[in-house]
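*Asks:* here you go, sequence then predicted model.
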Amino acid sequence: MNQANRSVIPHWLTGAVRTLMRKVSVHGKVVFQDDLRVGRGAIVGSTHGLEIGKGVSIGPRSVVQVNGTIGDYALIGMHVQIIGREDHEISELGVPMSLATWIGDRNERPRDNVQIGRDVWVGASSIILGGVAIGEGSVVGAGSVVTKDVPAYAIVVGNPARVVGQRFDTPEERIAHSHALAESLAGAQRGELAADRSQQAVGRSH
């Protein structure tokens, strides 16, 4: 299927609708690219900093409330939750957890962060807990609960998520794919730079 035909949004409305959905869904200290796609009802936020790469898609009703990074071309399905483990203190004597120190009121901790590599697919209804790194090119099966690091190009499923396979048959194929991703990103950046220069030239001619 041509990517232009995947969306139910009419082509002439796509840019405006996606901009509006980003404004509604994204809050806090989040840095993202202009091509970020956010589905209906999704929530994307960060207290200390979340950087989202190029070509990322976050599905409907997903919740991403964590610090860290989401790599280029990451695909996050619907109803996914990517959340911290220590958002509220649980050991403050005499203080209800709802009133205890909140993540936004303290310094950042390692378990507040999630690192998601390039070209990762997180299947629908999965949960990713803070303090983990998900390697480039990996696949998280639908409904998985990720509590520890996922190796690059691994396929994981279950609760807790465990490795059940590898994406691509050989290490050479995985290396080739990683190089192709880097070349694709470099080409996109060159194209954007050329477009910017062209617009600047047009502006100077008026």
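*Replies:* Yep, that arrived. Numbering: from 1, shown residues only.
*Asks:* may I see the buried residues of the strand ranked longest in the chain?
*Replies:* Counting by DSSP state E, the longest strand found in the chain is strand 43-52. By 16 or more other C-beta atoms under 10 Å, the buried positions in strand 43-52 come out as 43-48, 50, 52. Bear in mind the C-beta positions are built from the backbone N, C-alpha and C, glycine included.
*Asks:* quick check: mean pLDDT across it?
*Replies:* Throughout strand 43-52, pLDDT has a mean value of 95.
*Asks:* and Gly187, that one's in a strand?
*Replies:* No - counting by DSSP: H, G, I helix; E, B strand; the rest coil, Gly187 falls outside a strand, being helix.
*Asks:* beta partners of the residue sitting nearest the centre point of the chain?
*Replies:* The centre of the chain sits closest to Ile70, judged by C-alpha atoms, centre = their mean, with a distance of 3.8 Å. Residues in a beta bridge with Ile70, per DSSP bridges, are Ile52, Ile116.
*Asks:* got the contact list for it?
*Replies:* Ile70 makes contact with 50-53, 56, 64, 76, 116, according to C-beta atoms under 8 Å, 6 or more residues apart in numbering.
*Asks:* what's the closest of these to Ala180?
*Replies:* Comparing the contacts of Ile70 against Ala180 with C-beta to C-beta places Gly53 closest, at 15.9 Å.
*Asks:* any idea how far the residue nearest to Val56 when sequence neighbours are not counted lies from Ile175?
*Replies:* Once flanking residues are discounted, Val56 sits nearest to Ala74: 4.9 Å by C-beta to C-beta, 6 or more residues apart in numbering. Using C-beta to C-beta, to the nearest Å, one obtains 20 Å as the distance from Ala74 to Ile175.
*Asks:* those two: who's more crowded?
*Replies:* Neighbour totals were compared for Ala74 and Ile175, and Ala74 leads with 23 against 12 (other C-beta atoms under 10 Å).
*Asks:* can you give me the distance of the more buried one to Ser98?
*Replies:* 32 Å.
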